[in-house]
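In: Got a predicted structure plus its sequence, pasted below:
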Amino acid sequence: MSELYENRELSWLRFNERVLEEAEDSRSPLCERLSFVSIFQTNLDEFFMVRVGSLHDQMLLEDNPRENKTNMTAEEQIDAIADRVKVLSARHDLAYRELMAELEKQGIRIINFAKLDDKEAEYLKGYFDREILPLLSPMTVSKKQPFPFIKNNEIYAVSVLANKNNKERIGIIPCNDGMFRRLIEIPGSKGYYMLAEELILHCLPEVFTGYTVVSKSLVRITRNADIDADKVYDEELNYRDHMAEVIKQRRKLCPVRMEYTRDMDKKVLSRIREHLNISENMMFKKGAPLDMSFVFDIQDALRHKPELFFEKRIPQKSVMFDETKPLLPQIEESDKLLSYPYESIRPFLNMLTEAANDPNVVSIKMTLYRLAKHSKVVEALVEAAENGKQVDVLVELKARFDEENNIEWSRMLEKAGCHVIYGLEGIKVHSKLCLITLRKDDGVKYITQIGTGNYNEKTSRLYTDISLLTANEKIGAEAAKIFQKLSLNQVIKETDILMVAPKCLQNKVIDRIDREIQIAKDGGDGYLGIKINSLTDKKIIDKLIEASMAGVKIEMVIRGICCLRSQIPGKTDNIKITSVVGRFLEHSRIYIFGRGEREEIYIASADYMTRNTVRRVEVAAPILEEGLKKRVRDIFNMMLSDNYKARIQQPDGSYVRVPAGDTIINSQERLYEIAYEEAAGSATAGKE
């Protein structure tokens, strides 16, 4: 049965390979391909910090547990990762070189000293002396001067230095401390730039006077960031202060990867590696710059050429709302659905502001995981609290890499009079749940919002997500119970209408798969439609295999990790797995169980990953109104019909692009076109 499973980490690398393919795709505009070159790199950085960091921690355990699908040890996984990353890094370097060659046709060049004339070299030499040299902090390593602390993912110029007696030592200079510009434009050569770290590397002899520079390279270290906040909890601190300490600790965790740009003496590399305690297979030579964030500055320099970018798209006005009228009564009249980024998040934000000022509203309760830097959601909650509403907010401080942002928001909310909860011990609260409670003459009423993505205005323009707004009494009452449990540091253990992890989601999904299995065994049309970001939950995977073998047709759209292999004869040949990687990040989760009269459609915050299904608070909500069910079904079917950005998983776990038919279907662009058409039709109808 092992051929039915894919290792989680290697599957993730296959996903990042699909991201790299977007950088290689000549059908996309040049500046957009640059974005994917950078995204590939930042994805890989986080992968090493979190996933490889976790594997390093596992290697320290006495029992060294094996992965539960492919039976690989942590060490075996790290070795396999290293081999695959070397292949992908070479492709990334090539993609970067090819894109730089294309940029030269647009008048943009990233150059080095070998390509400078005397005048340009003289300018850069003067620039270095004036703008950079006074700000540098050079260090040398010797018996009396220990190896300095190397910060996570920052670039350093490292050199082998020899004195007059030919005794060698190592010289180190931090290159990106934020005190000088990274992209240096050369006057008189418009569009010609040099990276600051390359200029520093070239000018090392001027920094380390009295030494001969024997060899030199740019170096970047990636450190483990996988720290369990609950395991290191300090009861002497309040939880928010504790999380601030966790952030500080993360910055000092052990290195797991080293990248360098030039060949150096092997003895020196070995010395650096030994000091940092990095295994040899975790050292990677790179041809592309070690930090690709500068490409966004290049894009800004080319904004005057719209042909180098995707066609501008603006989230459209939802035809489900009349924004000239109060929004809460419209939701009470019928359920509403917003589909991002095709539709604007504005109705939801306006609804919150309206609730903050509605005299009938007595409370607003929300779970917050990731927020925008300038959050209108927080502004509305603060306004509600200042207006005397009861505002209960669960701010998840363990939202990885967003902890600092969330800490600041929690302080602001508390200051405004909101009741702030900081998550549950050992369990992240990842649900996207908002409950507005109104007191009216005929009793208490609820407006509930349940979504697949964060309350983040910025990502709502970049990620595909779905948001349900409903006045359904059963959903509202169950949402109220969820918040009651959260306020008591507990989780809900039984539900009737919602699926709520960690106790009432995995089992309910499996029950519905079992129903389809029985229908197929009885000769019926068993069907499952699943759109998620990742699939790793072995219980669900094994149940899907069982369903396939029973004859259930299973269609899945999985953007990222997929630990199940499809199309294996006699086992998973009833399963089709599609991955769409395109302009927008596919983020919505859709569960479809059955067809026809028994069809159930849910939207959810949870992927089918063990961390989501049994280790987090997640919420899945049923879509009950037929018109909204059709909308969600149409979104799902559109993804399945994509033949432009879709790939189909093969039996060996690899992915191939869907062959283009007579009609090209780019699902994301088509969904935007539909949003434009509907908004235009609504505007025309309004004028009539």
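Out: Now that the structure is in, tell me what you want to look at.

In: if I pick I427, what's in contact with it?
Out: V491, P502, R615, R616, V617 (C-beta atoms under 8 Å, 6 or more residues apart in numbering). Using the backbone N, CA and C atoms, a C-beta is placed for each residue, glycine as well.

In: Pull the number of nearby residues for the closest residue in space to E307 that isn't next to it in sequence.
Out: In space, and not counting its chain neighbours, E307 is closest to P29: 6.8 Å by C-beta to C-beta, 6 or more residues apart in numbering. Neighbourhood size, P29 [other C-beta atoms under 10 Å]: 16.

In: Return the member of the contacts of I427 nearest to I635.
Out: For the contacts of I427, the minimum distance to I635 (C-beta to C-beta) is 24.3 Å, reached by R616.

In: Can you name the residues bridging to that closest one?
Out: For R616, the beta-bridge partners under DSSP bridges are K428.

In: OK, contacts around it?
Out: I427, K428, V429, H430, S431, A501, P502, A606.

In: now do N387
Out: Contacts of N387 by C-beta under 8 Å, 6+ apart are A356, N357.

In: Look up how far V19 lies from M556.
Out: 19 Å (C-beta to C-beta, to the nearest Å).

In: Do you know the pLDDT at L424?
Out: On the pLDDT scale, L424 is placed at 84.

In: one step back: out of the contacts of I427, who's the most crowded?
Out: Going by other C-beta under 10 Å, V617 tops the contacts of I427 with 28 neighbours.

In: Double-check that residue against K485; I have them as touching.
Out: No. Between V617 and K485 there is no contact under C-beta atoms under 8 Å: 9.0 Å.

In: Now the common contact residues for these two.
Out: V491.

In: low-confidence ranges in the protein?
Out: Applying pLDDT under 70 to the chain picks out residues 1, 62, 227-252, 398-404, 683-688.

In: hmm, 50 instead?
Out: 229-243, 246-251 (pLDDT under 50).

In: could you point out the longest strand in it?
Out: When the chain is parsed with DSSP state E, its longest strand is strand 212-223.

In: So which other helices or strands are in contact with that one?
Out: Strand 212-223 sits against strand 155-162, helix 196-202, helix 204-207, strand 255-260, helix 266-276, with contacts defined as 3 or more C-beta pairs under 8 Å, 6 or more residues apart in numbering; DSSP states H and E.

In: Those into TSV, with extra columns for mean neighbour count?
Out: Shown next, in TSV, are the helices and strands packed on strand 212-223 (neighbours: other C-beta atoms under 10 Å):
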stretch	mean neighbour count
strand 155-162	23
helix 196-202	22
helix 204-207	16
strand 255-260	23
helix 266-276	15
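
In: Make JSON lines out of these and add distance to E597.
Out: As requested, the helices and strands packed on strand 212-223 are exported to JSON lines (distance: least, C-beta to C-beta, whole Å):
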{"stretch": "strand 155-162", "distance to E597": "61"}
{"stretch": "helix 196-202", "distance to E597": "64"}
{"stretch": "helix 204-207", "distance to E597": "74"}
{"stretch": "strand 255-260", "distance to E597": "53"}
{"stretch": "helix 266-276", "distance to E597": "62"}
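
In: Let me know the secondary structure of the residue of the chain most remote from its centre.
Out: Here the chain reaches farthest from its C-alpha mean at N165, the gap being 52.2 Å by C-alpha atoms, centre = their mean. Three-state assignment for N165 (DSSP: H, G, I helix; E, B strand; the rest coil): coil.

In: Going forward, count from 8.
Out: Renumbered: residue one is now 8, and that last one reads N172.

In: From E281, how far off is it?
Out: 24 Å.

In: Kindly report the same for T374.
Out: 46 Å.

In: For Y683, grab the count of nearby residues.
Out: 14.

In: Without its sequence neighbours, what residue ends up closest to it?
Out: Q323 (5.9 Å).

In: correct me, but that neighbour touches I681?
Out: No. Using C-beta under 8 Å, Q323 makes no contact with I681, being 9.3 Å away.

In: Pick out whichever of the two has more residues nearby.
Out: Of the pair Q323 and I681, Q323 is the one with more neighbours under other C-beta under 10 Å, namely 20 against 16.

In: and the end-to-end length of stretch 299-316?
Out: End-to-end distance for stretch 299-316, by C-alpha to C-alpha, to the nearest Å: 18 Å.

In: Give me the contacts around it.
Out: The set of residues external to stretch 299-316 that reach it, using C-beta under 8 Å, 6+ apart, is 36-39, 41-42, 44-45, 48-49, 103, 110, 113, 115, 189-190, 198, 200, 202, 319.

In: Go again with 10 Å.
Out: Stretch 299-316 is contacted from outside by 35-49, 99, 103, 106-107, 109-110, 113-115, 117, 183, 188-190, 192, 197-198, 200, 202-203, 296, 319, using C-beta atoms under 10 Å, 6 or more residues apart in numbering.

In: Just the buried positions in that stretch, please.
Out: Going by neighbour count (16 or more other C-beta atoms under 10 Å), the buried part of stretch 299-316 is M299, F301, V302, I305, Q306, A308, L309, L315, F316.

In: any idea how far the last one is from S341?
Out: Okay, so that is F316. F316 is 38 Å from S341, by C-beta to C-beta.

In: how much space is there between R522 and E562?
Out: Distance from R522 to E562, counting by C-beta to C-beta: 17 Å.
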